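> Need a 3D model of the following:
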Amino acid sequence: MKTLYKNEQSGRSMVEMLGVLAIIGVLSVGGIAGYSKAMAKFKLTKAMDQVSTTVTNIRTLYSGQPNYDGLNTTVAIQMGAVGAEMLNGVAAASATKAYNAFNGEVTVAAADSNRTFTVKFDGLGKEACVALATADWGSGSGSGLVSVTTGPTKKEGTTAAATLPLKLADAAAGCSDNADKNSVEWKYY
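Numbers count the residues shown, from 1 in each chain. A predicted model of the protein is given here:
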């Protein structure tokens, strides 16, 4: 009598496993890209909220004053005009610097012989710089917005708004640095 050996193997072949790994890889890359895009949009929305809140708080704080005499970043922080989330965990009583949602420095200062004030966001990437500069921050006379200036962080602003909101082409020219070295400055009365 002849003996027949059965060879029963179970499992997956190497080709099948490589196919599964390839599918997982493609899905992971798509997930990471989606997450990155969502985080960029979140940061941009948060930065817009930070600008609006800071400007409103400064205008409220100085509403009974004849001008913005003495206004600077430290005073704005200590008087609560700058939100606590912008202090990176430092107590308002000892903080001297504020940071935007993109981790760039925020500067607040009186301008034009204390008749106006500026809020400047540094450390912005090109896309964030253009989006923040071209947003409609209030084009009516009641908004108090005087101008929007964009440019590289360490240099003087290069593009000022003649008409508000700032035009896309003007903002793109001012936000010319591809690294996170652009800035936007808003001037309000």
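> wait, isn't Tyr188 in contact with Lys120?
No: at 12.0 Å, Tyr188 does not count as touching Lys120 under the criterion of Cβ atoms under 8 Å. All C-beta atoms are positioned from the backbone trio N, CA, C, and that covers glycine.
> Does the closest residue in space to Asn67 that isn't next to it in sequence fall in a helix, a strand, or a coil region?
Nearest-residue entry for Asn67: Asn114, 4.0 Å, with adjacent residues in sequence omitted and distances by Cβ to Cβ, 6 or more residues apart in numbering. Assigned with DSSP: H, G, I helix; E, B strand; the rest coil, Asn114 falls in the coil class.
> What pLDDT does the model give Asn114?
Note on Asn114: pLDDT of 95.
> repeat for Thr163
65.
> do the one 5 residues further on as well
Reported pLDDT at Leu168 in the predicted model: 90.
> ok, it - contacts?
The contact partners of Leu168, taken as Cβ atoms under 8 Å, 6 or more residues apart in numbering, are Val130, Thr134.
> where does it fall, phi/psi-wise?
phi -60, psi -40 (degrees, to the nearest 10).
> Could you measure from it over to Thr45?
19 Å (Cβ to Cβ, to the nearest Å).
> What of Val108?
Taking Cβ to Cβ, one finds Val108 at 21 Å from Thr45.
> okay, the two: which has more neighbours?
Taking other Cβ atoms under 10 Å, Val108 and Thr45 do not tie; Val108 has more neighbours (22 against 12).
> Am I right that that one is in a strand?
Yes: looking at Val108 with three-state DSSP, it is inside a strand.
> Touching, it and Ala76? I think so.
Yes: shown here, Val108 and Ala76 form a contact pair, counting by Cβ under 8 Å, at 4.3 Å.
> Beyond the top helix by length along the chain, next helix or strand please.
Secondary structure assigned by DSSP state H gives helix 14-61 as the longest helix of the chain. Per DSSP states H and E, the first helix or strand lying C-terminal to helix 14-61 is helix 73-78.
> Could you list every helix and strand in contact with that following helix?
helix 14-61, strand 98-99, strand 105-111 (3 or more Cβ pairs under 8 Å, 6 or more residues apart in numbering; DSSP states H and E).
> repeat that with 10 Å
The helices and strands touching helix 73-78, judged by 3 or more Cβ pairs under 10 Å, 6 or more residues apart in numbering; DSSP states H and E, are helix 14-61, strand 98-99, strand 105-111, strand 116-124.
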